[in-house]
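[1] Take a look and give me a structure for this.
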Amino acid sequence: MLVVAWAAGYWLGIAPLERLQWSLGAVALGVVATLPMCLGLAWTLTTRWRPARKLVDLVAQQLGPVLADRPAFQLALLAALAGIGEEVLFRGVVQVGLERWLPEAMALVATSVIFGLAHFASATYAVLAGVVGLYLGALFLLQGNLLVPIVAHSLYDFIALVFVVRRYRAYRATPVG
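    All right, here's what the predicted structure looks like:
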């Protein structure tokens, strides 16, 4: 993702990390900003809504076998790489680039739709990812600092991966018959 972000940024004349400022406050805000996404995850894991149930099963079946035996530090590294790469690409390049031609709000919505489509494992997943993209993009717009959505995205991904692994391990340990 970072290579794609840098290539797209170069092509569009955008410095992908231009709006990244390191500060403890931005990190703290990113950590706090993870809470609404975790509430959404909790809803997704506990709802009886059939599309969400199918999504949880799909993710556990697809990612569970790959991640089940990975130590926590590898899950954290994967989550950090995904959060950094996706935020640099979608917020640092796509959203910033679209803001050149569209009002901020329209650039935010368009970027969120693209983010959702990039996560099209299922229609439900694409819609939920689009909502998360809207949230992360709004954080970026409101804070003006790419570090906030990077931290929120990375931490959320780590928490979600831990739940995927736990769910898969519990499924794998359940006796058949």
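
[2] which residues of the protein score low on pLDDT?
    173-177 (pLDDT under 70).

[3] how about the helices of it, start to end?
    With helices called from DSSP state H, the chain shows them at 2-12, 24-46, 50-67, 72-87, 96-98, 104-118, 123-143, 147-173.

[4] Nearest to Glu18 among those helices would be which one?
    helix 96-98 (7.6 Å; CB to CB). Heads up, the C-betas are built off the backbone N, CA and C, glycines and all.

[5] what does the closest one contact?
    Here helix 96-98 makes contact (CB atoms under 8 Å, 6 or more residues apart in numbering) with 8, 12, 14, 18-19, 106-107, 110-111.

[6] and what of stretch 115-132?
    37, 40, 44, 51-52, 54-55, 58-59, 62, 86, 90, 112-113, 133, 136-137, 156.

[7] Buried ones in that stretch, by neighbour count?
    The neighbour-count check on stretch 115-132 (16 or more other CB atoms under 10 Å) flags 115-116, 118-119, 124-126, 128-130, 132 as buried.

[8] about what we covered before: write a ChimeraX command that selects only the buried members of the contacts of helix 96-98.
    Per 16+ other CB under 10 Å, the buried members of those correspond to this ChimeraX selection:
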select :8,14,19,107,110,111
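
[9] Among the contacts of helix 96-98, which pair sits farthest apart?
    Every pair of the contacts of helix 96-98 checked by CB to CB; the farthest is Glu18 and Met106, at 20.8 Å.

[10] related to what we said a few turns ago, between the contacts of helix 96-98, which is nearest Leu2?
    Ala8 (10.7 Å).

[11] give me the number of residues near the closest residue to that closest one other than its chain neighbours?
    Leaving out its chain neighbours, the residue that sits closest to Ala8 by CB to CB, 6 or more residues apart in numbering is Val93, at 5.0 Å. Using other CB atoms under 10 Å, Val93 is surrounded by 26 other residues.

[12] isn't Val93 right up against Trp11?
    No: Val93 is not in contact with Trp11 according to CB atoms under 8 Å; the separation is 9.4 Å.

[13] Who are the contact partners of Trp43?
    Counted by CB under 8 Å, 6+ apart, Trp43 has contacts Ala52.

[14] Swap in 6 Å and give it another go.
    With contacts defined as CB atoms under 6 Å, 6 or more residues apart in numbering, Trp43 has no neighbours.

[15] Would you mind measuring from it to Leu128?
    Using CB to CB, to the nearest Å, Trp43 is found at 10 Å from Leu128.

[16] Apart from its chain neighbours, what residue comes closest to the spatially most central residue of the chain?
    Among the residues of the chain, the one closest to the centroid is His153, at 4.7 Å (CA atoms, centre = their mean). Once flanking residues are discounted, His153 sits nearest to Gly83: 3.7 Å by CB to CB, 6+ apart.
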